[in-house]
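J.: Pasting a predicted model and its sequence here:
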Amino acid sequence: MYAIETDKLKKVFGTFTALKGISLKVPQGVCYGLLGLNGAGKTTAIKCILGLLRPNGGTITVFGEKRTIKTNRYIGYLPERVEYHKHIIIRDFLAYIGLLNLLPRNEIKKQTEELLEFVGLGGWGDSPIGTLSAGMKQRLGFAQSLMGNPKLIILDEPTSNLDPVGRDEMLNKIKTVVNQGITVFVSSHILSEIERVSEYIGIIADGHVLVQGALKDIKKETQMSKTPTVEIVVNDPSKLISVLEEINYVSNIMRSDFKILVETTDITQLGKDIPKILLDNNLELIKYSPPVSGLQELFLKIVEETAYAKK
């Protein structure tokens, strides 16, 4: 049984089809990262799962139950943009969320204090929401998503408005939540963050799910068929090419004006050797671009291959 399962989910806005029969399978107890370019359909899918939008076709189940207003009791939600009444006291706001979740008053008080501490707002409970910075409001949004002991939390761009330290703390908190057995479904355009917290991913483009599954398995199944390619720009490309042609871990060299594309079987060694090669041959380095790696490489590869297949 999946935490979230959609089957051939479709959503149409006028003449525009935002979701074209997507099928998602989100296992329980993991962080599932949904990736896609702007306009790919990520937020539309989330709103359908929450019941904020009515699908035009397909089915949605949450922990094995057909999605209804009742299944929302399992879910906490942090939207991409949160608007607060600035005069409401922070502690009162969380208490209100607790009441909506039908929690007893003693449990509301307990969870309010625990969650404020958890998100780093322990000293702010008696302050109006309007006194918080944008990043602190994002922390508060994360706290309210956890109010009521949800089995699943859905986070839409959870690190927006956070500084680098705040981003790091948020990602660590997401890991902590997953370790507590809560399923996390997160949408983000920051690929490195998804790679850091997610065990499972789905990549969506143009209303279609292109690939989904365990991140480690997808990486294995979609390995690049060619060796990594490095882009190098120097003041004398011919001289550099003559040197690179003698190196055994350089498998291919292509030139376009001053730009050289070097395919290599040992990207690490090439990176170490290039400074000495430049110095020994009196070459001026203008640009050195190593290949992208990790989830970024996977994402770009899948999206590019899909776009090519449509031509």
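T.: Thanks, I have the structure now. Numbering: from 1, shown residues only.
J.: which regions of the stretch 101-250 of the chain lie under the pLDDT threshold?
T.: Scanning the stretch 101-250 of the chain for pLDDT under 70 picks out the ranges 222-227.
J.: gap between Ile4 and Glu65?
T.: 11 Å (CB to CB, to the nearest Å). C-betas here are computed from N, CA, C, even on glycine.
J.: ah, wrong one, I meant Ser242
T.: 68 Å.
J.: what about Met170, helix or strand, and which?
T.: Using DSSP states H and E, Met170 maps to helix 164-179.
J.: An error on my part: the question was meant for Leu34.
T.: Under the assignment here (DSSP H and E), Leu34 is part of strand 31-35.
J.: just the helices in the stretch 201-311 of the chain please.
T.: Secondary structure of the stretch 201-311 of the chain by DSSP state H, counting those that start in this stretch: the helices cover 215-221, 237-244, 267-280, 294-310.
J.: need the strands for the stretch 1-150 of the chain, in chain order.
T.: Secondary structure of the stretch 1-150 of the chain, counting by DSSP state E, counting those that start in this stretch: strands at 4-13, 16-22, 25-26, 31-35, 57-62, 65-66, 75-78.
J.: And the contacts of the second one?
T.: Spelled out, it's strand 16-22. Outside strand 16-22, the residues within contact range by CB atoms under 8 Å, 6 or more residues apart in numbering are 6, 8-12, 41, 44-45, 48, 55, 57-58, 204, 206-209.
J.: now do 10 Å
T.: 6-13, 39-41, 43-45, 47-48, 53, 55-58, 202, 204, 206-209, 212 (CB atoms under 10 Å, 6 or more residues apart in numbering).
J.: Restricted to buried residues, select the residues you listed in PyMOL.
T.: For selection in PyMOL, the members of these meeting the burial criterion (16 or more other CB atoms under 10 Å) are listed in this command:
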select buried, resi 6+9+10+11+40+41+43+44+45+47+48+53+55+58+202+204+206+207+208+209+212
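J.: beta partners for Met254?
T.: Each beta-bridge partner of Met254 is listed here: Leu261, as defined by DSSP bridges.
J.: Begin at 258 from now on, thanks
T.: Sure, I'll start counting at 258 from here, so that last one is Met511.
J.: Now do the contacts for it.
T.: 486, 488, 498, 517-520.
J.: now these as TSV including neighbour count and distance to Gly278?
T.: Shown next, in TSV, are the contacts of Met511 (neighbours: other CB atoms under 10 Å; distance: CB to CB, whole Å):
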residue	neighbour count	distance to Gly278
Thr486	17	35
Glu488	15	38
Ile498	17	49
Ile517	20	44
Leu518	14	39
Val519	24	42
Glu520	17	38
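J.: In JSON lines: these, plus distance to Phe375.
T.: Conversion of the contacts of Met511 to JSON lines gives the following (distance: CB to CB, whole Å):
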{"residue": "Thr486", "distance to Phe375": "44"}
{"residue": "Glu488", "distance to Phe375": "44"}
{"residue": "Ile498", "distance to Phe375": "57"}
{"residue": "Ile517", "distance to Phe375": "51"}
{"residue": "Leu518", "distance to Phe375": "49"}
{"residue": "Val519", "distance to Phe375": "48"}
{"residue": "Glu520", "distance to Phe375": "48"}
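J.: Please identify which pair of these lies farthest apart.
T.: Considering CB to CB, no two members of those lie farther apart than Thr486 and Ile498, which are separated by 14.8 Å.
J.: one step back: what lines up beside the strand holding Leu291 in the sheet?
T.: In the sheet containing strand 288-292, its partner strands are strand 440-444 (parallel), strand 457-462 (parallel), by DSSP bridges.
J.: Tell me what angle it forms with helix 421-436.
T.: With axes from the mean of the first three to the mean of the last three CA atoms, to 10 degrees as the basis, strand 288-292 and helix 421-436 are set at 130 degrees to each other.
J.: So what's the gap between strand 288-292 and the chain middle?
T.: On the basis of CA atoms, centre = their mean, to the nearest Å, strand 288-292 is displaced by 6 Å from the centre of the chain it belongs to.
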